[in-house]
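need the 3D shape of this:
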Amino acid sequence: MKAKNTKKRSRTDWKRIDSLRDEDIDYSDAPKLGPDFFAHAVIWPGPKKQITLRLDPDVLTFFRKHGRGYQTTINAVLRKYVEARKRQME
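The predicted structure is shown next:
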């Protein structure tokens with residue numbers, strides 16, 4: 001049985017894109033970011049560490065129901081918990 005090619009062909013007109021000059025690009029949907037934005041920007045914590053974590057089955061089922069990216073969601077929930085605890089300790 002031959003594998004089916006599921007890769008979709010791009011509909012982007014790359015020749016037109018490549019011919020654009022910087023001044024021809026419309027940035028209206030991406031406003032310039034000033035010092036205020038960067039003062040409140042979140043610092044990237046670095047690469048993630050792979051671990052083994054034991055979770056209750058119902059907790060794991062809850063997060064998996066949200067589909068792809070559930071591990072990232074678990075990380076985000078844990079990060080909010082850490083941030084809240086740090087604020088309590090200040």
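
output the below-cut-off pLDDT ranges for this protein.
Residues of the chain meeting the criterion pLDDT under 70: 1-5.

tell me where it has helices.
Counting by DSSP state H, the segments of the chain that form helices are 14-19, 35-39, 57-64, 70-89.

can the ones you listed go into a markdown table with extra columns for distance to G46 and mean neighbour count?
Backbone N, C-alpha and C define where each C-beta goes, glycine included. Putting the helices of the chain into a markdown table (distance: least, Cβ to Cβ, whole Å; neighbours: other Cβ atoms under 10 Å) gives the following:
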| stretch | distance to G46 | mean neighbour count |
| --- | --- | --- |
| helix 14-19 | 33 | 8 |
| helix 35-39 | 19 | 8 |
| helix 57-64 | 23 | 11 |
| helix 70-89 | 13 | 11 |
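
including distance to K7, could the ones you listed go into JSON lines?
Formatted as JSON lines, the helices of the chain follow (distance: least, Cβ to Cβ, whole Å):
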{"stretch": "helix 14-19", "distance to K7": "16"}
{"stretch": "helix 35-39", "distance to K7": "37"}
{"stretch": "helix 57-64", "distance to K7": "27"}
{"stretch": "helix 70-89", "distance to K7": "25"}
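
so which of these comes closest to K48?
helix 70-89 (7.4 Å; Cβ to Cβ).

need the CA coordinates for that closest one. PDB is fine.
Presented in PDB, the C-alpha positions along helix 70-89 are these (Å, rounded to 0.1, in the frame of the first residue of the first chain):
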ATOM      1  CA  TYR A  70      -2.100  19.700  26.700                       C
ATOM      2  CA  GLN A  71       1.400  19.400  28.200                       C
ATOM      3  CA  THR A  72       2.000  23.100  27.500                       C
ATOM      4  CA  THR A  73      -1.300  23.900  29.200                       C
ATOM      5  CA  ILE A  74      -0.200  21.900  32.300                       C
ATOM      6  CA  ASN A  75       3.100  23.900  32.300                       C
ATOM      7  CA  ALA A  76       1.100  27.200  32.100                       C
ATOM      8  CA  VAL A  77      -1.100  26.200  35.000                       C
ATOM      9  CA  LEU A  78       1.900  25.300  37.100                       C
ATOM     10  CA  ARG A  79       3.600  28.500  36.200                       C
ATOM     11  CA  LYS A  80       0.600  30.600  37.400                       C
ATOM     12  CA  TYR A  81       0.700  28.600  40.600                       C
ATOM     13  CA  VAL A  82       4.400  29.400  41.100                       C
ATOM     14  CA  GLU A  83       3.900  33.100  40.400                       C
ATOM     15  CA  ALA A  84       1.000  33.300  42.800                       C
ATOM     16  CA  ARG A  85       3.000  31.600  45.600                       C
ATOM     17  CA  LYS A  86       5.900  33.900  44.900                       C
ATOM     18  CA  ARG A  87       3.600  36.900  45.300                       C
ATOM     19  CA  GLN A  88       2.300  35.500  48.600                       C
ATOM     20  CA  MET A  89       5.900  35.100  49.900                       C
END
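
fine by me, we can end here.
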